[in-house]
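Enquirer: give me a 3D structure for the following:
(one chain, ligands or ions: 1)
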Amino acid sequence: MSAIDIKRVLITDPTDPIVERILSEKNIEVHSKTNLSKEQLIETIKDYDALVVRSGTQVTAEIINAGINLKVIGRAGVGVDNIDVAAAKKKSIVVINAPAGNTLSAAELTCGIILNLSRRIPQACASLKAGKWDRKTYMGTELNGKTLAIVGLGRIGREVAIRMQAFGMKTIGYDPLVPGDVSKTFGVESYPLDEIWPKADYITLHIPLIPATKHLINSEVLQKCKKGVKIVNVARGGTIDENALLQYLQSGHVGGAGLDVFEEEPPKCRDLLEHPLVICTPHLGASTKEAQVKVAEEIALQFLDLKEGKEVAGKV
Ligand SMILES: O=C(O)[C@H](O)COP(=O)(O)O
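Expert: A predicted model of the protein is given here:
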């Protein structure tokens, strides 16, 4: 790979200061400008040869084409669905992500959501804070002995499996890239998707948003699930058809949903957010101090490698 001359880096989403520290030690100029409007970003980007974003900045073809000096886009995180990778490739702009740094944080949030769904802790807490003493509504269920279906058995899915096994959950899963003998090594029995749905008490998604996964959870799938199934999404919003989910929550077929990500962010689906069986967080999977340091460091070090013409692990 030929060396990429990175001199000026623009950061447009809140990112740990370690990026700036690592890059400025190598005499790379770094400017952090968050909350830019689309127009401001189009105007600003022409002065930079590298861009660092999280999921907040929409790096559209228009932005990429305005980046007349742009050579690299670094995603301080995993998902690159907010970056028009095809438009970048057309202009020979290298896109990299930080594939490993936020794994544990995303897995831990997922486990927390599963526990919260089983006992409705946020709802019970809100009820008590509102002055009620309602022990009846908040009768829960144990996780022990229940089946957790994990769709996507990559880094995060595996960590979720291992942790939830400690609560006595049976873990099953599906991943087209992970054969059954491999998933067995971390205690997950693999099944084709169609066989997963009727077995699961809880379903958690750990998949990217690509055409094949858009609305993976839809009416047809929910119909095949057990009554009372609980759905967790700390991956990408578009993987669930939110209208279908709301309809199945309203009918009582779905017994709960824990959502950290949404088709549109911030979400506009108020009926879904306000449903009493829904617990939700504002895309916080990677929002821990540890994860943010790790992904920021991963991106900065890869920028230095690209500058030296080295191959990098996060090349998309
Ligand atoms: O894809 C990711 O890495 C996560 O969704 C985190 O997104 P964030 O960097 O915007 O928190």
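
Enquirer: so which residues on the stretch 51-200 of the chain come close to the ligand?
Expert: Within reach of the ligand by C-beta under 6 Å from any ligand atom, the stretch 51-200 of the chain has these residues: Arg54, Ser55, Gly56, Gly77, Val78, Gly79, Asn102. Every residue, glycine included, has its C-beta placed from N, CA and C.

Enquirer: can you pull the contacts of the fourth one?
Expert: Contacts here follow C-beta atoms under 8 Å, 6 or more residues apart in numbering; on that basis Gly77 touches Arg54, Ser55, Asn97, Ala98, Gly101, Asn102, Ala286, Val295.

Enquirer: got a winner among those for most neighbours?
Expert: In terms of neighbours by other C-beta atoms under 10 Å, the contacts of Gly77 top out with Val295 at 30 neighbours.

Enquirer: look up phi and psi at it.
Expert: Main-chain torsions, Val295, degrees, to the nearest 10: phi -70, psi -40.

Enquirer: distance check, it against Val160.
Expert: Distance of Val295 to Val160, given as C-beta to C-beta, to the nearest Å: 19 Å.

Enquirer: and which of the residues of the stretch 51-200 of the chain next to the ligand is nearest Lys315?
Expert: Closest to Lys315 out of those is Val78 (13.5 Å), distances taken as C-beta to C-beta.

Enquirer: Three-state assignment for the closest one, please.
Expert: Following DSSP: H, G, I helix; E, B strand; the rest coil, the label given to Val78 is coil.

Enquirer: does Gln123 lie in a helix or a strand, and which?
Expert: helix 121-129 (DSSP states H and E).

Enquirer: contacts for that helix?
Expert: Identification of contacts with helix 121-129 by C-beta under 8 Å, 6+ apart yields Leu115, Asn116, Asp134, Thr137, Tyr138, Pro276, Ile279.

Enquirer: you'd agree Glu43 is in a strand?
Expert: No. Glu43: not assigned to a strand; according to three-state DSSP it is helix.

Enquirer: what is the neighbour count of the nearest residue to it once chain neighbours are set aside?
Expert: Counting by C-beta to C-beta, 6 or more residues apart in numbering, Glu43 lies nearest to Ala66, which is 7.8 Å off, once chain neighbours are set aside. Counted by other C-beta under 10 Å, the residues lying close to Ala66 total 17.

Enquirer: how much space separates Ala66 from Gly228?
Expert: For Ala66, the distance to Gly228 equals 50 Å [C-beta to C-beta].

Enquirer: perfect, that will be all.
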